[in-house]
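Asker: requesting a structural model of the entry that follows:
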Amino acid sequence: MPLAATEISEWSDLFVASAGATAALAGLVFVAISINIDRILKLEGVAELGLITLILLVGVLVVSLFGLIPGQEDTSFGYEMLALSVISSLAVFALVKRSLAGVGPGEGRLTSRLILPMFGTVPYLVGSVLLVTGSDAGMYWVFAGMVGAIIAAVMNAWILLVEILR
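Answerer: Predicted structure coming up:
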C-alpha cells in the first residue's frame, strides 16, 4: 500500500462521492435561498454570499467531474484545475468585494464573506500549480480545497437559512 496516493486514478472514489454530495448540497442551498429570497434581497451583500456559496459547491462538483475523466494525466488535471481555480477565485473575490461594500465596521461579517471562501479557492490554486509542476503534493492540496469549499458553503448556507432571520 503506497504512503501517498499521487495518481489521479487513485482518487476516483472520492471524486464520485464528492460529486454526489456537492450536487445535493447545491440543491439545498438553492432551496434555502428561495425560501428566504425576500429577506436575502433586503440585506446588503447577502445575495452575493448566496452566489459565493453556490460557486464553491459547484466548484467541488466540477473538480470531481474533471477528476473522473478516464485516462487523464495528472498534469492535464492540473491545467484544468488551474483554469477552474483562477476563474472561480476571480469570481468569488469580485463577489466578496461587492458583498463587503455594505458591511460596516464591527459587523463581524468579514469571516463569512472573506476568510471562509479562501478555504475553497486558495488550496485549489496551490494544488493546480503543484500538479502542473509534477509535485506529489498537488492532489492533497486539491482535496484540501474541496473540504474547505464544502465547510465554507455549509457555514454560509446556515447564514442564508437561519442567521438572516435573527
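
Asker: in this protein, where is pLDDT below threshold?
Answerer: The chain contains residues with pLDDT under 70 at 1-5, 102-112.

Asker: ranges for the helices of it?
Answerer: Here the chain has its helices, by DSSP state H, at 12-35, 37-42, 46-67, 74-100, 110, 116-119, 122-132, 138-161.

Asker: residue 6 is nearest to which of those?
Answerer: The closest of these to residue 6 is helix 138-161. By Cβ to Cβ, the value is 6.3 Å. Bear in mind the C-beta positions are built from the backbone N, C-alpha and C, glycine included.

Asker: chain center to stretch 115-123, what's the gap?
Answerer: Distance of stretch 115-123 from its chain centroid, counting by Cα atoms, centre = their mean, to the nearest Å, is 7 Å.

Asker: what does stretch 76-88 give?
Answerer: Using Cα atoms, centre = their mean, the offset of stretch 76-88 from its chain centre is 13 Å.

Asker: list the buried residues in it.
Answerer: Residues 77-78, 80-82, 84-85, 88 are the ones in stretch 76-88 that count as buried (16 or more other Cβ atoms under 10 Å).

Asker: hey, C-alpha coordinates of it in PDB?
Answerer: The C-alpha trace of stretch 76-88 is given here as PDB (Å, rounded to 0.1, in the frame of the first residue of the first chain):
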ATOM      1  CA  SER A  76      -3.900  17.600 -17.600                       C
ATOM      2  CA  PHE A  77      -6.000  17.600 -14.500                       C
ATOM      3  CA  GLY A  78      -3.600  20.300 -13.100                       C
ATOM      4  CA  TYR A  79      -4.200  22.600 -16.100                       C
ATOM      5  CA  GLU A  80      -8.000  22.100 -15.800                       C
ATOM      6  CA  MET A  81      -7.700  22.800 -12.100                       C
ATOM      7  CA  LEU A  82      -5.600  25.900 -12.800                       C
ATOM      8  CA  ALA A  83      -8.200  27.300 -15.200                       C
ATOM      9  CA  LEU A  84     -11.100  26.500 -12.900                       C
ATOM     10  CA  SER A  85      -9.400  27.900  -9.800                       C
ATOM     11  CA  VAL A  86      -8.400  31.100 -11.500                       C
ATOM     12  CA  ILE A  87     -11.900  31.700 -12.900                       C
ATOM     13  CA  SER A  88     -13.700  30.800  -9.700                       C
END
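
Asker: now do the contacts for the residue nearest the centre of the chain.
Answerer: Per Cα atoms, centre = their mean, the C-alpha nearest to the average position across the chain is that of residue 56, at 2.6 Å. With contact set as Cβ atoms under 8 Å, 6 or more residues apart in numbering, residue 56 has these partners: 88, 92, 117, 120-121, 149-150, 152-153, 156.
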